[in-house]
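Asker: Predicted structure and sequence below. I'll ask about it afterward.
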Amino acid sequence: MDTIDRTILNALQEDFPIDSRPFRVLSQEIQISEEEIIQRVGSLVDNKIIRRIGASLNPRAVGLSTTLIGMDVPKERIQAVADIVNAYPEVTHNYQRDEDYNLWFTIAAKSGKEMTRIIGEIREKTGIEKIINLPSVKTFKIRVRFEV
Amino acid sequence: MLDTYDRKILTLIHKLSVCSQPYQVVAEQVGLSEEEVLARINGYIQKGFIRRMGITVNHFLTGFEANAMVAWRVDAQDVDRVGELLAAIPSVTHCYERDISGEDWEYNIFAMFHARTKEELEQTVKGVAEDMGVLDYKILYTLKEWKKDGRKYL
């Protein structure tokens, strides 16, 4: 990564233009040609520095129901339990953490009923009994931006 | 209300192609004009269906190696004050109040902290805790990412 890559990353994290030629819009702002930006962004995606370019959805606004689940999983079963949990497309994030509740994942389901079904199935398939279900009540902040 | 096109577009724009006309690619996949797709996306932002269009960087690879979910135990009447103070911190990306009723868990405010080192992260958290006067909290470090796929199925 060089200075030009960093400039591109910081600019695109702020906003990706909603325009027929989004990279051309950016090229006018940062004085780098459209072709070069596309080529560099392509490399940053290949190198996994950029995970994706796209929309951040507000799940509740589009009618999805969301929650955070914590599970207390015996260490030797983490991989197996994570596999069961991750098999659900409704599970969007899943992290292992250093707590008694050591596996934490988020679910975005089409309805409350679907949510209950998924949690019930995960409980049953994994056999894990210590599960906490912590739906959000209020969002104070979502702003994912890393100055690079 | 979302129609069939909206559902398709909202799914596809989760990850755009890297090319000169990425919205044209979406338009072809859903069978609408590029102009119509751009207009609909602007509408989604106005209606709050999407928060933003942007890139998601891999923060591990860009030097943010210390990542933690910090859970705070806060009295009901103090939740808004604490939530707003946490939200104002640049190294906090997400902050939520969560419903803990009936669960074996006592910490009701969650904030994701990101820093270059553990020391930096802990110093920030400690400073914030003292400023807020909320000293009962837990730092849950991210040990491993098992999944990150924000695609939503509408």
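Answerer: Sure thing, it's come through.

Asker: Please enumerate the helices of chain B.
Answerer: Under the criterion DSSP state H, helices of chain B are mapped to B:4-12, B:22-30, B:34-47, B:79-87, B:118-132.

Asker: what's the average pLDDT for the longest one?
Answerer: The average pLDDT for helix B:118-132 rounds to 96.

Asker: Can you show me the strands along chain A?
Answerer: Secondary structure of chain A by DSSP state E: the strands cover A:50-57, A:65-71, A:91-97, A:103-109, A:131-134, A:136-142.

Asker: Relative to B:Val57, which of those strands is closest?
Answerer: Between B:Val57 and the strands of chain A, the shortest separation by CB to CB is 5.9 Å, and it involves strand A:50-57. To be clear about C-beta, it is placed using only N, CA and C from the backbone, and glycine gets the same treatment.

Asker: can you give me how far stretch B:86-98 is from the chain middle?
Answerer: 9 Å (CA atoms, centre = their mean, to the nearest Å).

Asker: show me what contacts the nearest residue to B:Leu61 once chain neighbours are set aside?
Answerer: Leaving aside its sequence neighbours, B:Leu61 sits nearest to A:Ile49 (CB to CB, 6 or more residues apart in numbering or on different chains; 5.3 Å). Going by CB atoms under 8 Å, 6 or more residues apart in numbering or on different chains, A:Ile49 touches A:1, A:5, A:9, B:57-58, B:61-62.

Asker: before we move on, back to that, how about the helices of chain B in TSV, adding distance to chain A and mean neighbour count?
Answerer: Below are the helices of chain B laid out as TSV (distance: least, CB to the nearest CB, whole Å; neighbours: other CB atoms under 10 Å in any protein chain shown):
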stretch	distance to chain A	mean neighbour count
helix B:4-12	7	17
helix B:22-30	7	18
helix B:34-47	5	16
helix B:79-87	4	18
helix B:118-132	11	15
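
Asker: Would you format those as CSV with distance to B:Lys144 included?
Answerer: CSV is the format used below for the helices of chain B (distance: least, CB to CB, whole Å):
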stretch, distance to B:Lys144
helix B:4-12, 28
helix B:22-30, 32
helix B:34-47, 33
helix B:79-87, 25
helix B:118-132, 16
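
Asker: quick one: least confident helix or strand in chain B?
Answerer: Of all helical and strand segments in chain B, the minimum by mean pLDDT, DSSP states H and E falls on strand B:50-57, at a mean of 89.

Asker: Give me the contact status of it with chain A.
Answerer: Yes. Counting by CB under 8 Å from any CB of the partner chain, chain A has neighbours in strand B:50-57: B:50-57.
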